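Novice: Give me a 3D structure for the following:
(one chain, ligands or ions: 1)
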Amino acid sequence: MRVLVTGGAGYIGSHVVKELGRAGHDVLAYDDLSTGNPWAVLSGRLVVGDLADQGLLEKTFAEFAPQAVMHFAASIVVHESVSDPVKYYLNNTANTFGLLKMMREKNVGLLVFSSTAGVYGVPSGGIANEDSQLCPVNPYGTSKLMSEWAMRDLSLAVPGFRYVALRYFNVAGADPSSRIGEAQKEATHLVTRAVKAAKGEFDRLDIFGTDYPTPDGTCVRDYIHVDDLANAHILALDYLVSGGRSDVFNCGYGHGFSVREVVAASRRVTGVEFKVVEARRRFGDPPVLVAGNRKIRDILKWTPEFDDIDYIIKTAWDWELKLDLIRSRHAGN
Ligand code: UDP
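Specialist: Sure thing, here's the model as predicted:
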């Protein structure tokens, strides 16, 4: 199929582009390169552009004639969304509206959307199922939830339009052959920061809060390898192509690790006893956030391959060690 992938040069989008290529699809990545990199697009072609540019989007739809869209392009830094909510409502919500408008005008009926566990906010008991209360606690989560609602309403209004929204938990790790991985200039996620601390890029790793109501006092998250997540997208596309109805699915392994456990695993895997400082809580962090994943296993038949925190960290570490070389090789291109 011809699949248009917004944000295809970014961290998760590029892993999905790789898997789409492997599955034999014809891919066009559409990315403004604000956080993505052209070298990360391992399959198909890249159009560099802003999703808000309806003229370029229309031209791209007309020329490529996609049969399905996967939509990743978004701003994703939670604390930034609190200080600059309008950026998130424009980049995430308004641009999704624009994309839906284009899909409708061009009669493109299948969409796989990159959503977030942030739509649940602070789920009671720490485990979120798809039918748990939706109560985001920051503009990032709200921007994604509003996007989900818009596609839900479109699917009710237009019989030819169907979508799957995948709600990601904590995505980490990298391509096992270290060709792509997380390459944002400002790393905020725990696993990436831990391997950067091991590499010496930071002089220490802060643990944000040690007084949470969890077994060791630090937050518990459901870390999922990016290639398992990419595979969920391929299954979601297959599901829609074979007539599946619009739906939402959690993407997580169904169990979590505390920050201290991730730190210990990162030291073990890298062999570096990097410095760790116990710091204050970060605003808005739920103590526990773990996916209920029965639904995606049952309906999409998703079977994770990389449910192993050491392996996740190992792929992030291998990638981190290669990243500077890749950056310098592509500098000036
Ligand atoms: N965290 C931390 N130190 C860091 C980065 C993150 O202690 O340098 C904690 C953070 O407070 C949260 C967990 O690690 O409890 C996962 O955070 P991350 O930013 O990776 O993902 P989030 O759960 O916010 O989507």
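
Novice: Please count neighbours and contacts with C-alpha atoms only from this point.
Specialist: Noted.

Novice: Do I have it right that residue 233 meets residue 17?
Specialist: No: counting by C-alpha atoms under 8 Å, residue 233 stays clear of residue 17, with 10.0 Å between them.

Novice: Between the two, which has more neighbouring residues?
Specialist: Under the criterion of other C-alpha atoms under 10 Å, the comparison of residue 233 against residue 17 puts residue 17 first, with 32 against 26.

Novice: who's the residue of the stretch 201-333 of the chain found nearest the ligand bridged to?
Specialist: Distances between the stretch 201-333 of the chain and the ligand by C-alpha to the nearest ligand atom are smallest at residue 207, namely 3.5 Å. On the basis of DSSP bridges, residue 207 is bridged to residue 278.

Novice: you'd agree residue 48 is up against residue 36?
Specialist: No: Residue 48 is not in contact with residue 36 according to C-alpha under 8 Å; the separation is 10.2 Å.

Novice: the more surrounded of those two?
Specialist: Shown here are residue 48 and residue 36; by other C-alpha under 10 Å, residue 36 has more neighbours (23 against 16).

Novice: what about residue 328, which helix or strand?
Specialist: helix 309-330 (DSSP states H and E).

Novice: and that helix, what's its mean pLDDT?
Specialist: Taken as a whole, helix 309-330 has an average pLDDT of 94.

Novice: do the same with stretch 83-101
Specialist: On average, stretch 83-101 scores 98.

Novice: Please apply the same query to stretch 194-209.
Specialist: pLDDT averaged over stretch 194-209 gives 97.

Novice: what residues are up against whatever residue of the stretch 1-150 of the chain ends up closest to the ligand?
Specialist: Nearest to the ligand, among the residues of the stretch 1-150 of the chain, is residue 78, at 7.0 Å (C-alpha to the nearest ligand atom). Counting by C-alpha atoms under 8 Å, 6 or more residues apart in numbering, residue 78 makes contact with 138, 139, 140.

Novice: Now with 7 Å, please.
Specialist: 138, 140 (C-alpha atoms under 7 Å, 6 or more residues apart in numbering).

Novice: now the one 4 residues further on
Specialist: When the contact criterion is C-alpha under 7 Å, 6+ apart, the partners of residue 82 are 138, 139.

Novice: Residue 234 - how many residues pack around it?
Specialist: Residue 234 has 18 nearby residues by other C-alpha under 10 Å.

Novice: what comes up buried for the helix holding residue 328?
Specialist: 309-320, 323 (16 or more other C-alpha atoms under 10 Å).

Novice: Now stretch 125-139 - C-alpha only, CSV.
Specialist: What follows is stretch 125-139, C-alpha atoms only, in CSV (Å, rounded to 0.1, in the frame of the first residue of the first chain):
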residue,chain,number,x,y,z
GLY,A,125,-4.6,1.7,40.8
GLY,A,126,-2.0,2.7,38.2
ILE,A,127,-3.3,0.4,35.5
ALA,A,128,-5.1,2.0,32.5
ASN,A,129,-7.4,0.0,30.3
GLU,A,130,-8.9,1.5,27.2
ASP,A,131,-12.2,2.1,29.0
SER,A,132,-10.6,3.7,32.0
GLN,A,133,-11.5,7.3,32.7
LEU,A,134,-10.0,9.8,30.2
CYS,A,135,-8.6,12.7,32.3
PRO,A,136,-5.4,14.2,31.0
VAL,A,137,-3.4,16.3,33.4
ASN,A,138,-1.4,18.4,31.0
PRO,A,139,-2.0,20.1,27.6
